[in-house]
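Participant: Quick one, structure for this:
(one chain, ligands or ions: 1)
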Amino acid sequence: MTVYEKLFALQTAYNAHTNITRISSREDFYLKHIEDSLALLPIIDNARTARLFDLGAGAGYPGIPLAIERPELQVTLNDATLKKIKYVQSVIDALPLPNAAAVWGRAEKLSQQKEHKGRYDFVAARAVAGIEELIQFAAPFLRTGGKALFMKAKNVETEISTAKRAAAKNGLSLLDVAKYKLAEMDRAIIIYVKQ
Ligand SMILES: C[S@@+](CC[C@H](N)C(=O)[O-])C[C@H]1O[C@@H](n2cnc3c(N)ncnc32)[C@H](O)[C@@H]1O
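Facilitator: Predicted structure coming up:
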């Protein structure tokens, strides 16, 4: 059984008693969870020993596929919902994923703690909040030169422009908007760098 088939089996079994993700078919799992998460690989690949914080990871995306593909990458998966973090911890134990850790709590609180503040090379977030809010959540986790990677589906230009002031205030500058297609869907990774 491949590692992703094992992950799919774990997720399906858990989802049967505790709702952790709406993406339940095998086809959607591979496309919307695995393939979409791995769209971050080209961005993080020049820093394989880096530390990545997955803010609002939910059932573990994008952090779990990234931890699977890059054993040198240290991945911290965070969510404010305890049942999701319990599930993510069970996946870390079962696969196992020694380079991953699960942390429960609101990101804006965790970022003020010594073990998280300014300690990450990357903060990734998919489908968690608007860009303006994400900037405020993500910036404190990043070291100088670290990158925020926000995965979005639509209206990115409008959102980026609305978030300009928040970016400046939080020491983030827009580096790139990496657009890609996921099947027929338009997707984008908005990349900010911490000054
Ligand atoms: C729609 S889900 C997306 C989950 C996952 N990133 C994905 O794309 O499959 C959004 C998640 O963000 C979490 N979340 C929202 N605000 C948060 C915060 N301030 N700190 C930590 N997690 C948060 C929610 O609990 C929820 O699990």
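
Participant: which residue sits closest to F137, ignoring its sequence neighbours?
Facilitator: Sequence neighbours aside, A107 is the residue nearest to F137 in space, at 4.6 Å (criterion: CB to CB, 6 or more residues apart in numbering). Quick note: C-beta positions are derived from backbone N, CA and C, even for glycine.

Participant: Correct me if wrong: V156 contacts L174.
Facilitator: No. Applying CB atoms under 8 Å, one finds V156 not in contact with L174, separated by 10.8 Å.

Participant: Give the next helix or strand downstream of the helix or strand harbouring S90.
Facilitator: Using DSSP states H and E, S90 falls within helix 82-94. For helix 82-94, the following helix or strand on the C-terminal side (DSSP H and E) is strand 100-104.

Participant: Show me what counts as buried in that next one.
Facilitator: Using 16 or more other CB atoms under 10 Å as the burial criterion, the residues of strand 100-104 that qualify are 100-104.

Participant: just curious, which of those residues is nearest to E69?
Facilitator: A100 (11.8 Å; CB to CB).

Participant: so that closest one makes contact with I92?
Facilitator: Yes. Using CB under 8 Å, A100 is in contact with I92, at 4.9 Å.

Participant: Name the residues contacting each of the two.
Facilitator: Counting by CB atoms under 8 Å, 6 or more residues apart in numbering, the residues touching both A100 and I92 are L77.

Participant: quick one: the residue nearest to F137 and G56 touch, right?
Facilitator: Yes. Between A107 and G56 there is a contact under CB under 8 Å: 6.8 Å.

Participant: Now do the shared contacts for those two.
Facilitator: Jointly contacting A107 and G56 under the rule CB under 8 Å, 6+ apart are 78, 80.

Participant: can you give me the strands in the protein?
Facilitator: Along the chain, counting by DSSP state E, strands occupy 51-54, 74-79, 100-104, 120-126, 142-152, 172-182, 185-194.

Participant: of the ones you listed, which approaches the ligand most closely?
Facilitator: The minimum distance between the ligand and the strands of the chain falls on strand 120-126, with 3.7 Å, by CB to the nearest ligand atom.

Participant: do that closest one and the ligand meet at all?
Facilitator: Yes. Counting by CB under 6 Å from any ligand atom, contacts between strand 120-126 and the ligand involve R126.
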